[in-house]
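**Q** Return a 3D structure for these sequence lines:
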Amino acid sequence: MTHFLDVHKTDPAALRVILDQAQAMKDARAGKPKGMLDAEQPLAGHMVALIFEKPSTRTRISFDVGTRQMGGETMVLSGADMQLGHGETIADTARVLSRYVDLIMIRTFDESVLLEMAEYADVPVINGLTDRTHPCQIMADVMTFEEHRGPIKGKKVVWCGDGNNVCASFLHAAAQFQFDLTFTGPAQLDPEDEFVGLARKAGVRIDIERDAEKAVQGADLVVADTWVSMHDSQSTKERRHNMLRGYQVNDALMSHAKDDALFMHCLPAHREEEATSSVMDGPASVIFDEAENRLHAQKAIMRHCLGV
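**A** Numbers count the residues shown, from 1 in each chain. This next block holds a predicted model:
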């Protein structure tokens, strides 16, 4: 069974094959209508279940469109539709779904839901996001960097802000793709020690630097993400803004990075909070290339899982 649960749980050679295939499929579609089916139809006859306990724009659309482009069909299900883990156990849901579909993508809150789904499913399971990690996003991000600047190996990536689930997957990717990563943010929001240790054990440099200007010096890539969740209370939002205000990615901060440094944000963004519009819409920004590449990277991930 070939799941895609986290970047560090997939062999580096397989990750490289996924990215190469994603780029090849993107190149093959260049200049063609977006609704056109791929010349290859590797998912023809396959049904993909897309489960969303958390709201989604890019994940839902990119997986749905990608499946259809490759000739497959999708069944989109919400946590409310399924009463996931309430009316029926996760294990039983996994067993039942495996009788109907060929592949399961799940976007959920608790990582344990993903892991239990994968343990009991008889079909591959893809992590569309948990509160702990977001591996599909990072595959799109690595693809995007390499489209613009070549191999990411040996480069310096700087994460600004909250050491959240996307940051965690960047640490996993640092280990697998062999690039260095500097985290700059308040101590209360540091990434998990486990993930920092995993990357360092792989031989890459992982730094924690509280001074944002020092952190971005020599950076090839600067990355930000939203400071607040839609589920946060107003008091929580205010507290996080106070903690993170000094880590906003703006023109002044980007001026300390390399002249050809790129800026990424996985979106959705709160403009003028974690990053200014002048950066997001500026020449260093590749945020919409990232968004597009979710489609291509995830198509390759689905093919990897299904072996097609």
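**Q** Leu19 falls within a helix, correct?
**A** Yes: the assignment for Leu19 (DSSP: H, G, I helix; E, B strand; the rest coil) places it in a helix.
**Q** That one and Asp141 touch, don't they?
**A** No: here Leu19 lies out of contact with Asp141, judged by CB atoms under 8 Å, at a distance of 10.8 Å. All C-beta spots, glycine's among them, are computed from the backbone N, C-alpha and C.
**Q** Looking at those two, which one has more neighbours?
**A** Asp141 (29 against 23; other CB atoms under 10 Å).
**Q** Check whether that one sits in a helix, strand or coil.
**A** helix.
**Q** okay but it is in contact with Glu292, surely?
**A** No: using CB under 8 Å, Asp141 makes no contact with Glu292, being 11.9 Å away.
**Q** Do a quick rundown of the strands in the stretch 201-308 of the chain.
**A** 206-208, 221-224, 262-265 (DSSP state E, counting those that start in this stretch).
**Q** For Met75, give the beta-bridge partners.
**A** Met75 has these beta-bridge partners by DSSP bridges: Ala49.
**Q** Look at the closest residue to Ala14 other than its chain neighbours and report its pLDDT.
**A** Spatial nearest neighbour of Ala14, chain neighbours left out: His304 (6.5 Å); criterion: CB to CB, 6 or more residues apart in numbering. Listed pLDDT for His304 reads 98.
**Q** cool, and Thr236?
**A** Thr236 is given a pLDDT of 85.
**Q** ok, now how distant is it from Ala284?
**A** With the distance defined as CB to CB, to the nearest Å, Thr236 ends up 31 Å from Ala284.
**Q** for Ala44, same thing?
**A** 40 Å.
**Q** Which one of these two is surrounded by more residues?
**A** Comparing Ala44 with Ala284 by neighbour count (other CB under 10 Å), the higher total belongs to Ala284, at 20 against 12.
**Q** For the longest helix along the chain, output the C-alpha coordinates as PDB.
**A** As assigned by DSSP state H, the longest helix anywhere in the chain is helix 287-306. This file holds the C-alpha atoms of helix 287-306, laid out as PDB (Å, rounded to 0.1, in the frame of the first residue of the first chain):
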ATOM      1  CA  ILE A 287       2.300  32.800  -4.700                       C
ATOM      2  CA  PHE A 288       0.000  32.100  -7.600                       C
ATOM      3  CA  ASP A 289       2.500  29.700  -9.200                       C
ATOM      4  CA  GLU A 290       2.400  27.900  -5.900                       C
ATOM      5  CA  ALA A 291      -1.400  27.700  -6.100                       C
ATOM      6  CA  GLU A 292      -1.300  26.400  -9.600                       C
ATOM      7  CA  ASN A 293       1.300  23.800  -8.800                       C
ATOM      8  CA  ARG A 294      -0.800  22.300  -6.100                       C
ATOM      9  CA  LEU A 295      -2.800  20.800  -9.100                       C
ATOM     10  CA  HIS A 296       0.300  19.400 -10.900                       C
ATOM     11  CA  ALA A 297       2.000  18.100  -7.800                       C
ATOM     12  CA  GLN A 298      -1.100  16.400  -6.500                       C
ATOM     13  CA  LYS A 299      -1.800  14.700  -9.800                       C
ATOM     14  CA  ALA A 300       1.700  13.200  -9.600                       C
ATOM     15  CA  ILE A 301       1.100  12.200  -5.900                       C
ATOM     16  CA  MET A 302      -2.100  10.400  -6.900                       C
ATOM     17  CA  ARG A 303      -0.300   8.500  -9.700                       C
ATOM     18  CA  HIS A 304       2.500   7.600  -7.200                       C
ATOM     19  CA  CYS A 305      -0.100   6.200  -4.800                       C
ATOM     20  CA  LEU A 306      -1.900   4.300  -7.400                       C
END
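**Q** What is that helix packed up against?
**A** Using 3 or more CB pairs under 8 Å, 6 or more residues apart in numbering; DSSP states H and E as the contact test, the elements touching helix 287-306 are helix 12-29, helix 58-69, strand 103-107, strand 125-129, helix 135-149, strand 262-265.
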